[in-house]
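Novice: Quick one, fold the following:
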Amino acid sequence: MVGTIVHQLTRNLTEEQIRTAGFDTYFVDHTTGVYPQFASGYPWSASTMQVTGDVIADLSEDLAAEQKARLTYDNILRLSDDPDVNDVIRFLREREIVHFQRFGEGLRLAKDKMNEKNVYYMNPAFDK
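Specialist: I've put the predicted structure just below:
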């Protein structure tokens with residue numbers, strides 16, 4: 001959805017607008033096509049997604065990812081003055097908050113099902 005917003009906002013830029021906005025180096029490689037990358041310019045990769053096979057570690061990672069996504073949307077809202085863009089970003093931000101809450105519930109339920117005497121909440125099935 002964010003990629004679509006970026007495309008819609010950039011598809012009709014003039015060459016001068018592209019240069020003035022500092023968008024020229026991106027434009028050289030991708031024109032106004034959406035290329036999945038971080039704001040820093042680093043290309044997105046599946047290597048940024050972590051999976052350990054341990055339910056506690058993985059749910060904790062999911063919680064962190066949701067918070068990072070929410071923060072990204074907060075930062076976009078700080079910079080954007082376009083009401084149409086802001087409406088979509090607020091919607092996406094709300095989804096991140098709900099996802100965070102659901103992963104938190106999942107983490108609590110997983111901990112409840114595990115050995116309650118295990119203070120570190122490691123998966124005791126691996127240690128048998």
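
Novice: His30: neighbouring residues, count only.
Specialist: For His30, the neighbour count with other C-beta atoms under 10 Å is 12. Heads up, the C-betas are built off the backbone N, CA and C, glycines and all.

Novice: Which parts of the chain belong to which domain?
Specialist: With domains defined by automatic domain parsing, the chain comprises 1-48, 49-128.

Novice: for the single longest helix found in the chain, which positions count as buried?
Specialist: Secondary structure of the chain per DSSP state H: the longest helix is helix 83-113. Buried residues in helix 83-113, counted by 16 or more other C-beta atoms under 10 Å: 85, 88-89, 92-93, 96, 99-100, 103, 107, 110.

Novice: show me where pLDDT drops low in this protein?
Specialist: 115-128 (pLDDT under 70).

Novice: His7 contacts Val34, doesn't it?
Specialist: Yes - counting by C-beta atoms under 8 Å, His7 does reach Val34; the two are 5.2 Å apart.

Novice: residue closest to the middle of the protein?
Specialist: Centroid-nearest residue in the chain, with C-alpha atoms, centre = their mean: Ala69, separated by 3.5 Å.

Novice: burial of Leu9, as a residue count?
Specialist: Residues within reach of Leu9, counting by other C-beta under 10 Å, total 14.

Novice: Can you list the residue ranges for helices in this protein?
Specialist: 2-10, 15-20, 24-30, 55-79, 83-113.

Novice: give the contact list for Ile18.
Specialist: Taking C-beta atoms under 8 Å, 6 or more residues apart in numbering, we find Ile18 in contact with 24, 27.

Novice: From Asp74, how far out is it?
Specialist: Here Ile18 is placed at a distance of 27 Å from Asp74 (C-beta to C-beta, to the nearest Å).

Novice: do the same with Val2
Specialist: Counting by C-beta to C-beta, the gap from Val2 to Asp74 is 14 Å.
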